[in-house]
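S.K.: fold the following.
(chains A and B)
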Amino acid sequence: SQKIEQNSEALNIQEGKTATLTCNYTNYSPAYLQWYRQDPGRGPVFLLLIRENEKEKRKERLKVTFDTTLKQSLFHITASQPADSATYLCALPSNFGNEKLTFGTGTRLTIIP
Amino acid sequence: DAGITQSPRHKVTETGTPVTLRCHQTENHRYMYWYRQDPGHGLRLIHYSYGVKDTDKGEVSDGYSVSRSKTEDFLLTLESATSSQTSVYFCAISGTSGRFSYNEQFFGPGTRLTVL
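M.R.: Below is the predicted model of the structure:
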């Protein structure tokens, strides 16, 4: 099964700067990778998906890259705002059938005003 | 939010008692999942279902059982609760899966379970 490592438990970024979060995985290359946001006391919310044949995906101020050679995804939030403060999780399919996901432990992002 | 609810939202119980958590969806999604979330471990899959009466184990299934008698309901049972099962439990649903789909999952609000 996949092992996932997210770069750090916590990350503090000044408002307005770009926050960059890292997700590294081992074992086989997945067909896709997902990013979720989780606020305290709530369930994760799906943000973005990037497929194995896509290098980059954007959604408003979010950008995700996927490097299958490095086995790494980077998640960027540009022009960060305090409202972006949350825990961000990456997830990959656990198996070739894609019906199960393995989640990273998450990075807690705090945007400092 | 996707139409997914969990009950109860909070529960305190004693070691050795049975506990059942309920997940209910109104989206008619095929796939349903139970996760537990603990500090340092993240979300871990307990069991999942790919249809009525069709279930399979996840990575931390010991001590848990599930049942799905209707599309909309997925029950998680702790036959005899232990303190190590103190956790936050999340249910999730997905409408798609398989080799050419991408299994975006929608999560419920969670159940905080404390076993004394």
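
S.K.: how far is the one helix or strand B:R68 maps to from where the chain is centred?
M.R.: Secondary-structure assignment from DSSP states H and E places B:R68 in strand B:64-70. A distance of 9 Å separates the C-alpha centroid of strand B:64-70 from that of its chain, computed with CA atoms, centre = their mean, to the nearest Å.

S.K.: near chain B, which residues of chain A? Just list them.
M.R.: By the rule CB under 8 Å from any CB of the partner chain, the part of chain A lying against chain B is A:1, A:31-32, A:34, A:41-46, A:49, A:51, A:89, A:91, A:93-94, A:96-106. Placement of C-beta: from N, CA and C, glycine included.

S.K.: so how do I select the buried members of those in ChimeraX?
M.R.: The buried residues among those can be selected in ChimeraX (16 or more other CB atoms under 10 Å in any protein chain shown) with this line:
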select /A:31,32,34,43,44,45,46,49,89,91,93,94,98,99,100,101,102,103,104,105,106
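
S.K.: helices of chain B, start to end?
M.R.: Along chain B, no segments are classed as helices by DSSP state H.

S.K.: quick one: residues in contact with the longest strand belonging to it.
M.R.: Assignment by DSSP state E gives strand B:42-51 as the longest strand of chain B. With contacts defined as CB atoms under 8 Å, 6 or more residues apart in numbering or on different chains, strand B:42-51 is touched by A:44, A:89, A:94, A:99-106, B:30-38, B:55-61, B:64-66, B:68, B:74, B:76, B:89-90, B:97.

S.K.: returning to that earlier point: just want the angle from the strand holding B:R68 to strand B:42-51.
M.R.: 40 degrees (axes from the mean of the first three to the mean of the last three CA atoms, to 10 degrees).

S.K.: partner strands of strand B:64-70, with direction?
M.R.: Taking DSSP bridges as the criterion, strand B:64-70 forms sheet pairs with strand B:73-78 (antiparallel).

S.K.: residues contacting the residue of chain B found nearest chain A?
M.R.: Ranking the residues of chain B by distance to chain A (CB to the nearest CB) places B:F107 first, at 3.1 Å. In this structure, B:F107 makes contact with A:G43, A:P44, A:V45, B:I4, B:F90, B:C91, B:A92, judged by CB under 8 Å, 6+ apart.

S.K.: pLDDT value on the fourth one, please?
M.R.: B:I4 is assigned a predicted lDDT (pLDDT) of 95.

S.K.: isn't it right next to B:G95, touching?
M.R.: No - the criterion here is CB atoms under 8 Å, and B:I4 misses it with B:G95 at 11.8 Å.

S.K.: show me which of those two is the more surrounded one.
M.R.: Applying other CB atoms under 10 Å in any protein chain shown to B:I4 and B:G95 shows that B:I4 carries more neighbours, namely 23 against 15.

S.K.: distance check, that one against B:Y33.
M.R.: From B:I4 over to B:Y33 the distance is 11 Å, taken as CB to CB, to the nearest Å.

S.K.: what do you get for A:A10?
M.R.: As judged by CB to CB, A:A10 and B:Y33 stand 27 Å apart.

S.K.: quick one, which of the two is more surrounded?
M.R.: Comparing A:A10 with B:Y33 by other CB under 10 Å, the one with more neighbours is B:Y33, at 27 against 10.

S.K.: who does the more buried one bridge with?
M.R.: Beta-bridge partners recorded for B:Y33 (DSSP bridges): B:Y48, B:A92.
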